[in-house]
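Student: Build me a structure from this.
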Amino acid sequence: MLLAGLTILVAIAGCSSTPTLTPTTTPTPIATSNADPWPGVAVYRDSDSQIKARVNQTFSIVLPPAPLNGWGWQDQDLSAFSLVETKSVPGSANEPDPYGPDAFLFKALKTGTFQLNLYVPSKPPQEVKSFTVTVNP
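Tutor: Numbers count the residues shown, from 1 in each chain. Alright, predicted model coming up:
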């Protein structure tokens, strides 16, 4: 009889009709400086990183602010890329340039491996950032 009472007690304790609610918290978004200028598009900031894209895919390059005229770009094969858009990304409060970095949105147009150069034309000696871009079908 004692065993039967213990079995009923265990069965009742294991079957609770009120679910236990676990509180969840929603993360608060944190404002970050130099957020990605085009959401969902791959961003490259370091010329040591190889860029990989597919034909007709877009990618972006974000560089530190450049004095006066900003950054220019060039490619040996002008039919390899199309410059879709440029932006000045807002900088954070602790950056010396209130305009923040310069951002470039490119579209890959044909397959191959290319060298994409971004440069500051007004800064002697000329500053150049070279990116290797591999475009697959």
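Student: beta partners of the closest residue in space to Gly70 that isn't next to it in sequence?
Tutor: With sequence-adjacent residues excluded and distances taken as C-beta to C-beta, 6 or more residues apart in numbering, Gly70 is closest to Asp102, at 5.4 Å. All C-beta atoms are positioned from the backbone trio N, CA, C, and that covers glycine. On the basis of DSSP bridges, Asp102 is bridged to Leu63, Ser88.
Student: what about the helices in the protein?
Tutor: Using DSSP state H, the helices of the chain run over 2-14.
Student: which stretches of it form strands?
Tutor: 42-44, 51-54, 58-63, 72-75, 81-88, 102-108, 112-120, 127-136 (DSSP state E).
Student: What is the shortest one packed up against?
Tutor: Using 3 or more C-beta pairs under 8 Å, 6 or more residues apart in numbering; DSSP states H and E as the contact criterion, the elements in contact with strand 42-44 are strand 51-54, strand 58-63.
Student: Need the winner for burial among those strands.
Tutor: strand 58-63 (a mean of 21; mean count of other C-beta atoms under 10 Å).
Student: Between strand 102-108 and that one, find me the angle.
Tutor: Counting by axes from the mean of the first three to the mean of the last three C-alpha atoms, to 10 degrees, strand 58-63 points 150 degrees away from the direction of strand 102-108.
Student: what is the rounded mean pLDDT of strand 58-63?
Tutor: Mean pLDDT, strand 58-63: 94.
Student: Tell me how far Ser49 lies from Gln76.
Tutor: Ser49 sits 20 Å away from Gln76, going by C-beta to C-beta, to the nearest Å.
Student: Show me which positions of stretch 108-116 end up buried.
Tutor: 108, 114, 116 (16 or more other C-beta atoms under 10 Å).
Student: ok, back up a step: looking at the strands of the chain, which is closest to Asp36?
Tutor: strand 42-44 (5.0 Å; C-beta to C-beta).
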